[in-house]
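Enquirer: got a predicted model here, sequence first, then my questions.
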Amino acid sequence: MSHMVAPDDVQAAEAYLRERFADRFGGLYLEDASDGQAVVVVVLTRPLGAAGEQALRQRLDGKPVRFVEGEYTLVELERIQRALTQAMPRLQEQGIQVVWTGVDVRTNRVHLGVASDLERAREAVQDLPGAKAVVVVEAQPVQLLGAEGGPTGAGTPSPATAAGDTSPGRDSGAEEDGAATRPTGWWGALRAALNRWWAALVAFLQ
């Protein structure tokens, strides 16, 4: 679904396509037409067939619909995104500063937003499942807010933090030289993960 808020009938159509045509449905989104009426764009890897198209149009209650060809199904794209998420700790260890991941149904690709060298990130994802469907894009690092409301550093954790470093003596609320330090241990990893998810949501809604 695109960032636009979809009417109930469009959401029902998407649910129908997910359930009945998961083997060819690549997602859908709303696109503004010249007459001001939104067009429902449906991405498919192969046609629905006459009966499927008719059932879809009935669920859309007369809304204009346009079909475009895609290379990947939505199920495949979501599987690739999950693989990217699982690979984040390894990418961090390679110096790739991952900010967010997301499925882009318009381009029929999975986007990986990084705040580090793009070419290095592209090379790092080549051995991951579905790498051909991954597009690496530049992203701004997420800033965590310290105790005084100011940034304490990028929201992407270090490899130790991402792994949930719980070494003795680490205190997430400790201060050094009167300045708030970046949270570490499991709390730091949790906050960093929440900030990455928030950044992905913000990018999705823009």
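Expert: Arrived safely, thanks for sending.
Enquirer: contacts, neighbours, all on C-alpha from now
Expert: Noted.
Enquirer: could I get the pLDDT score of residue 167?
Expert: Here, the pLDDT recorded for residue 167 equals 37.
Enquirer: could you do residue 139 as well?
Expert: For residue 139, pLDDT reads 89.
Enquirer: wait, it sits on residue 115?
Expert: Yes - assessed by C-alpha atoms under 8 Å, residue 139 is found in contact with residue 115 at 5.2 Å.
Enquirer: any residues in contact with both of these two?
Expert: residue 99 (C-alpha atoms under 8 Å, 6 or more residues apart in numbering).
Enquirer: if I've got this straight, residue 120 is in a strand?
Expert: No - secondary structure of residue 120 (DSSP: H, G, I helix; E, B strand; the rest coil): helix, not part of a strand.
Enquirer: for this protein, which segments count as strands?
Expert: For the chain, strands defined by DSSP state E occupy the ranges 25-32, 38-44, 65-69, 98-104, 109-114, 134-138, 143-145, 151-154, 175-176, 179-180.
Enquirer: for the ones you listed, which one ends up most surrounded?
Expert: Ranked by mean neighbour count under mean count of other C-alpha atoms under 10 Å, the strands of the chain are led by strand 98-104, which reaches a mean of 25.
Enquirer: what angle do that strand and strand 134-138 make?
Expert: Interaxial angle, strand 98-104 versus strand 134-138 (axes from the mean of the first three to the mean of the last three C-alpha atoms, to 10 degrees): 130 degrees.
Enquirer: and strand 98-104, which strands flank it?
Expert: If you go by DSSP bridges, strand 98-104 pairs up with strand 109-114 (antiparallel).
Enquirer: who's in contact with the strand it pairs with?
Expert: 72, 77, 80-81, 96-104, 121, 133-141.
Enquirer: for residue 14, give me its contacts.
Expert: Contacts of residue 14 by C-alpha under 8 Å, 6+ apart are 27-28.
Enquirer: and it, how far from residue 67?
Expert: Separation of residue 14 from residue 67 (C-alpha to C-alpha, to the nearest Å) stands at 13 Å.
Enquirer: same question, residue 89
Expert: For residue 89 relative to residue 67 (C-alpha to C-alpha), the value is 38 Å.
Enquirer: please name the bridge partners of the closest residue to residue 33 other than its chain neighbours.
Expert: In space, and not counting its chain neighbours, residue 33 is closest to residue 39: 6.3 Å by C-alpha to C-alpha, 6 or more residues apart in numbering. Judged by DSSP bridges, the bridge partners of residue 39 are residue 31.
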